[in-house]
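# got a predicted structure here, sequence first:
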Amino acid sequence: MPNNTRKVVVIGAGAVGTAYCYALAQSGLADHIALIDKNSSLAHGNVLDLRHGLPFLPSLTITVGTPEDYQDADLIVITAGAAQKPGQTRMDLLSMNAAIIRAIMQDIQTQASQAVIIIATNPVDVMTYVAIQSAGGDRGRIFGSGTVLDSARFRQMLSSRCGVDIQNVHAYILGEHGDSELAAWSMTHIAGMPIDDYCPICGTCEDWKLERRQIEKAVRDSAYHIIDYKGATNWAIGLALTRITRAVLRDTHSVLTVSTLLDGEYGLKDVCLSVPCIVSAKGIEKVIESKLPLHEQDLLSNSANVLETAIKEIRWNRFSNNYNL
Ligand SMILES: NC(=O)c1ccc[n+]([C@@H]2O[C@H](COP(=O)([O-])OP(=O)(O)OC[C@H]3O[C@@H](n4cnc5c(N)ncnc54)[C@H](O)[C@@H]3O)[C@@H](O)[C@H]2O)c1
């Protein structure tokens, strides 16, 4: 393999990891995809299945990965995680996935990898925090997929409700990828106009304030509905991860709401959550700090509190009998 190949290692060959591989393979962004799973049969089966599509794909090598693949990877995407089982609490899951992330990060460090690392495993903001701490605090190179998916859902629903091409709708979901997330209406623009100016002239709904509340709730509840229908969400997150991959491998300096370790931005510190960031080949090039109206800043701070509580619970659990890092 020549040195200038763009290599992506995907950890976790479940619903999310394979949807990402499928989208990534078609994108032409990577020259080599290495897929790793602790269930090696699952990784082998998916690699063979994808390989049989090579005649229909851009030039690409697809292999079952090993930890040695971390050494020359440009990008490592972690989708590995435990699924919640009956009788397990959310905190049990949090601790189990934290242990998985920490073990994977140790393997990556052992291989002296300089790759950009994207975490998708849930709860993604807490897992991003664990990954950064495990690596000794590299907040630029390690980040989470955050609310890139939620922002896509938000844009899709606004586009559909307003009857406007999704490419002309600019909108962000901030905070936790989860129940405490918020729609940043102050940053939402359609046709170059702030949404507050656009809604009164749009004319597609009778009560646009009510519609906004309904859209915000529908975005927040999206994953629950999809999981009720089919047990997992995977296609849109696969595409969202591919969009983030484009920013890294093509060094596009794209503004994306990825989950990053804040260091005073928005008045928040030592917590990972999503705000608009410039993403490049280095990872997070810059956190964009804009002045939010007071009620949005309050919602963001509340989201940070929720995540800080989860981080504290992990720290506490670390010293309990049940936590085995
Ligand atoms: N960030 C997002 O927007 C987003 C969206 C959807 C799902 N997710 C999360 O992504 C994760 C994966 O979801 P899924 O539906 O693919 O789950 P899944 O159960 O289908 O797949 C997870 C895979 O991880 C593997 N795995 C577990 N521990 C491992 C380890 N130590 N090393 C290698 N592989 C390991 C399992 O064998 C399994 O194949 C979950 O945490 C889920 O909540 C995140």
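Alright, I've got the coordinates.

# buried residues, the helix or strand containing Ile314. List them.
Counting by DSSP states H and E, the element that carries Ile314 is helix 294-318. Buried residues in helix 294-318, defined by neighbour count with 16 or more other Cβ atoms under 10 Å: 296-297, 299-300, 303-304, 306-308, 310-311, 314, 317. For every residue, glycine as well, the C-beta is placed using N, CA and C.

# swap in stretch 185-200?
Residues 185-188, 190, 195, 198-199 are the ones in stretch 185-200 that count as buried (16+ other Cβ under 10 Å).

# and it, how far from the chain's centre?
26 Å (Cα atoms, centre = their mean, to the nearest Å).

# contacts made by it with the rest, please.
158, 162, 164, 168-172, 202, 208, 212, 276, 290, 292-293, 296 (Cβ atoms under 8 Å, 6 or more residues apart in numbering).

# rerun that using 6 Å as the cut-off
Outside stretch 185-200, the residues within contact range by Cβ atoms under 6 Å, 6 or more residues apart in numbering are 164, 168-172, 208, 293, 296.

# distance of Tyr266 relative to Gly238?
29 Å (Cβ to Cβ, to the nearest Å).

# identify the farthest-apart pair in the buried residues of helix 294-318.
Spatial extent of these (Cβ to Cβ) is set by the pair Glu296 and Asn317 at 31.9 Å.

# now do the helices in this protein.
15-27, 40-51, 90-110, 124-134, 148-162, 195-202, 208-230, 235-249, 294-318 (DSSP state H).

# now the first one: buried residues?
It stands for helix 15-27. Judged by neighbour count (16+ other Cβ under 10 Å), helix 15-27 contains these buried residues: 15-25, 27.

# re earlier: list buried residues within the contacts of stretch 185-200.
Of these, these count as buried by 16+ other Cβ under 10 Å: 164, 169-172, 208, 296.

# lowest-confidence entry in those?
Model confidence across the buried ones among the contacts of stretch 185-200 bottoms out at Trp208, which has 90.

# excluding chain neighbours, give the residue nearest to Ser274 in space.
Gly146 (3.5 Å; Cβ to Cβ, 6 or more residues apart in numbering).

# count of residues packed around that neighbour?
With neighbours defined by other Cβ atoms under 10 Å, the count for Gly146 comes to 32.

# go on, the one 5 residues further on?
Each residue near Ser151 was counted by other Cβ under 10 Å, and the total is 24.

# what's near enough to touch it?
Ser151 sits next to 172-173, 257 when contact means Cβ under 6 Å, 6+ apart.

# now do the buried residues in stretch 28-38.
For stretch 28-38, by 16+ other Cβ under 10 Å, it's 29-37.

# distance between the ends of it?
Start-to-end span of stretch 28-38 (Cα to Cα, to the nearest Å) is 27 Å.

# so how far is Ile108 from the spatially closest residue to Thr66 that is not a sequence neighbour?
Residue nearest to Thr66 in three dimensions, not counting chain neighbours: Ile36, with 7.2 Å by Cβ to Cβ, 6+ apart. Distance, Ile36 to Ile108, by Cβ to Cβ: 11 Å.

# and Asn305, by the same measure?
In terms of Cβ to Cβ, Asn305 sits 30 Å off from Ile108.

# can you name the residues of the stretch 1-150 of the chain that neighbour the ligand?
11-17, 36-39, 42, 79-81, 83, 100, 103-104, 120-122, 124, 145, 149 (Cβ under 6 Å from any ligand atom).

# okay, Gln84: pLDDT?
63.

# and the residue of this protein nearest the ligand?
As assessed by Cβ to the nearest ligand atom, the ligand sits closest to Gly14 within the chain, at 1.8 Å.

# grab the nearest non-local neighbour of Met96.
In space, Met96 is closest to Ala82, 4.5 Å off (Cβ to Cβ, 6+ apart).

# is that neighbour in contact with Ser95, as I believe?
No: Ala82 lies out of contact with Ser95 (Cβ atoms under 6 Å); the separation is 9.7 Å.

# who's more crowded, the two?
Neighbours per residue (other Cβ under 10 Å) separate Ala82 from Ser95, with Ser95 holding more: 22 against 14.

# what's across from the residue nearest to Thr66 in the sheet?
Ile11 (DSSP bridges).

# separation between it and Met96?
For Ile36 relative to Met96 (Cβ to Cβ), the value is 18 Å.

# contact partners for Ala23?
238-239, 242.

# equivalent analysis for Gln297, please.
Contacts of Gln297 (Cβ under 6 Å, 6+ apart): none.

# mind doing that once more with 8 Å?
By Cβ under 8 Å, 6+ apart, the neighbours of Gln297 are 266-267.

# no further questions, thank you.
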